[in-house]
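Undergrad: got a predicted structure here, sequence first:
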Amino acid sequence: MATTARENHREDVAGRANVEDTPELLAYYDELERLEAGALWTVANKIEPWQPKSSSVPVLWRYEDLRAHVLRSVELVSPEKAGRRVIYLNNPGRREHAAAVGWLYSGLQVMHPGEVASAHAHSASALRFIMEGEGAYTIVDGHKMMLGANDFVLTPNGTWHEHGVASDGSPCIWQDGLDIPLVNALEANFYVVHPDLQQSVGHPVDDMTHAWGNPGLRPAGAEWSKGYSPLLKYEWGATYEALQRYAGATEGSPYDGVLMNYVNPVTGGPVMQTIGASMQMLRPGESTRAHRHTGSFIYQVAKGSGHSIIDGKRFDWKERDIFCVPSWAWHEHVNASASEDACLFTFNDLPVMHALGLYREEAFGDNGGHQPLVS
């Protein structure tokens, strides 16, 4: 009977494991295995790499390819049966975890006018970025928000939340983003359905935006101690205006152009404890230099067209396309237009990287900061 080769990751480098297999050692490893144990030196070089080695691969999901399939799901499955009618994005290197990249999940959800998805809560943090349609709304812990294209909305961990489209609206599609894979990896995920299936709206519509969405101003006497932002909706109009104003006052980052982070107005920190988000503007014809950093990123094109080079491979994108950048992957961005700016929305796990002291960044030093293309 053939025997399976035993795992042994050797490196001929001082300070690294380099133990040659012998019949005596192989027998010893068998004895350890029967005790549900093992010899560290056989796997040390694998589990402690010289630098991050993401199993995720760069992927571009073209909206024009996905849209018809997303809309077809309306004919096939009801939101009542599906819970959430979503087509999720499945990275080839992370299929076991249903992750779009790293420990982040993403999917495209569709709802028709008059449809309502039941209220639930879970340990995972979640967000929505509206792609198309009119009349969409989200209710979070009794706060109702009306949503338009390119609006960014939070449904933080532990909150009751539900979604719907007004009866006089149009079919709506949005991107969902969650840290489900991370929370599952931590073995800390809980899920509960609202006992009444829907919440009661206990506040004026868009009240959190009116209270917390005013630049440089905070409602007098208001208290907020939760770990996520009280500003549950970040509107596209105000975001784009802020980018334009900032572009007039800065040369921008050589790696990200004009970049602004969505923040918790109480703390100035990330919008949620495990997920951060930002919007960046690439000026007409702008070509950024390449860098890499720890942390996984999912981008959606909010405006314009161009391309990104990720670990030497070119990905051409246009409005509503989605692409991912795995942790420690070289990446740079180019705006294809000589007259119009391009804007990229992204969500990421940088709050986790920073909280754990794991963030690291490095610039690409050769070829003027630009990667050579690989076939």
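TA: Right, received. Where do you want to start?

Undergrad: how about stretch 351-363: buried residues?
TA: 351-353 (16 or more other CB atoms under 10 Å). Using the backbone N, CA and C atoms, a C-beta is placed for each residue, glycine as well.

Undergrad: TSV for those residues, including distance to Asp141 and secondary structure?
TA: Converted to TSV, the buried residues of stretch 351-363 look like this (distance: CB to CB, whole Å; DSSP: H, G, I helix; E, B strand; the rest coil):
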residue	distance to Asp141	secondary structure
Pro351	21	helix
Val352	24	helix
Met353	28	helix
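
Undergrad: what is the nearest of these to Glu332?
TA: Nearest to Glu332, judged by CB to CB, of the buried residues of stretch 351-363 is Met353 at 20.3 Å.

Undergrad: now the strands for the stretch 51-200 of the chain?
TA: When assigned using DSSP state E, counting those that start in this stretch, the strands of the stretch 51-200 of the chain occupy the ranges 60-61, 86-88, 105-111, 116-122, 126-132, 136-140, 143-147, 152-155, 161-165, 172-178, 191-193.

Undergrad: most tightly packed of those strands?
TA: Greatest average neighbour count among the strands of the stretch 51-200 of the chain goes to strand 152-155 (a mean of 26), per mean count of other CB atoms under 10 Å.

Undergrad: what's the mean pLDDT across that strand?
TA: Strand 152-155 shows a mean pLDDT of 98 in the predicted model.

Undergrad: same for it, what does it pack against?
TA: strand 126-132, strand 136-140, strand 233-234 (3 or more CB pairs under 8 Å, 6 or more residues apart in numbering; DSSP states H and E).

Undergrad: let's go with 7 Å and repeat that
TA: strand 126-132, strand 136-140 (3 or more CB pairs under 7 Å, 6 or more residues apart in numbering; DSSP states H and E).

Undergrad: turn those strands into TSV, including distance to Ala342 and mean pLDDT.
TA: Output for the helices and strands packed on strand 152-155, formatted as TSV (distance: least, CB to CB, whole Å; pLDDT from 0 to 100):
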stretch	distance to Ala342	mean pLDDT
strand 126-132	16	98
strand 136-140	24	97
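
Undergrad: okay, how far is it across stretch 352-363, tip to tip?
TA: 21 Å (CA to CA, to the nearest Å).

Undergrad: coming back round to it: for the buried residues of stretch 351-363, please prepare JSON lines with the additional fields distance to Pro219 and pLDDT.
TA: Listed next are the buried residues of stretch 351-363 as JSON lines, based on distance: CB to CB, whole Å; pLDDT from 0 to 100:
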{"residue": "Pro351", "distance to Pro219": "25", "pLDDT": "98"}
{"residue": "Val352", "distance to Pro219": "30", "pLDDT": "98"}
{"residue": "Met353", "distance to Pro219": "32", "pLDDT": "98"}
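
Undergrad: ok, so of those, who is nearest Val19?
TA: For those, the nearest to Val19 is Met353 (33.2 Å; CB to CB).

Undergrad: next, the buried residues of the helix or strand of the chain with the lowest mean pLDDT.
TA: Least confident helix or strand, the chain: helix 79-82 with a mean of 84, by mean pLDDT, DSSP states H and E. For helix 79-82, a neighbour-count test (16+ other CB under 10 Å) marks Pro79 as buried.
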